[in-house]
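Undergrad: give me the fold of what follows.
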Amino acid sequence: MGQRIPEAYLLTSTTYGSWLHGDERGSVDDERNEFATLRIMPFPLLKTVRGNALVQPPMYFNAKLIRVVDSAIKEVCAFREWLLHALSVRTNHFHAVVFGAVEPERILGDFKR
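TA: Residues are numbered from 1 along each chain as shown. Predicted structure coming up:
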């Protein structure tokens, strides 16, 4: 049997500096970003170190920016001919359920650019 092609990917990304490793909510990194993978546990010292390393203040979306990000993601999907099933842009992150015949890292990277 060949490799199964997913119907869609659930992609999530946070804004700069708004959810640091060590945060009390837990976090993920490149090695912990698969479904059912354990998160990085809360660790206040790590959060402080990460916060001190920020080169600018954390980014949060206001209502206008939420609309801009929503529109931009939809535009990228239309341009790339990816199927956007669902999208939710929040003040410090977004979730998108999207199908594209490319790796999910490529889709997320295009959204961030």
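
Undergrad: so who does the residue nearest to Pro104 when sequence neighbours are not counted touch?
TA: In this structure, Pro104 finds its nearest non-sequential neighbour in Tyr9, 4.2 Å apart by Cβ to Cβ, 6 or more residues apart in numbering. Any C-beta I mention is one placed from the backbone N, CA and C, and that applies to glycine too. Going by Cβ atoms under 8 Å, 6 or more residues apart in numbering, Tyr9 touches 97-100, 104, 107.

Undergrad: which PyMOL command selects the buried ones in the residues you listed?
TA: Entered in PyMOL, the line below selects the buried ones among the contacts of Tyr9, by 16 or more other Cβ atoms under 10 Å:
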select buried, resi 98+99+100+107
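
Undergrad: pLDDT and secondary structure added to the contacts of Tyr9, as TSV?
TA: Shown next, in TSV, are the contacts of Tyr9 (pLDDT from 0 to 100; DSSP: H, G, I helix; E, B strand; the rest coil):
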residue	pLDDT	secondary structure
Val97	98	strand
Val98	97	strand
Phe99	95	strand
Gly100	91	coil
Pro104	91	helix
Ile107	96	helix
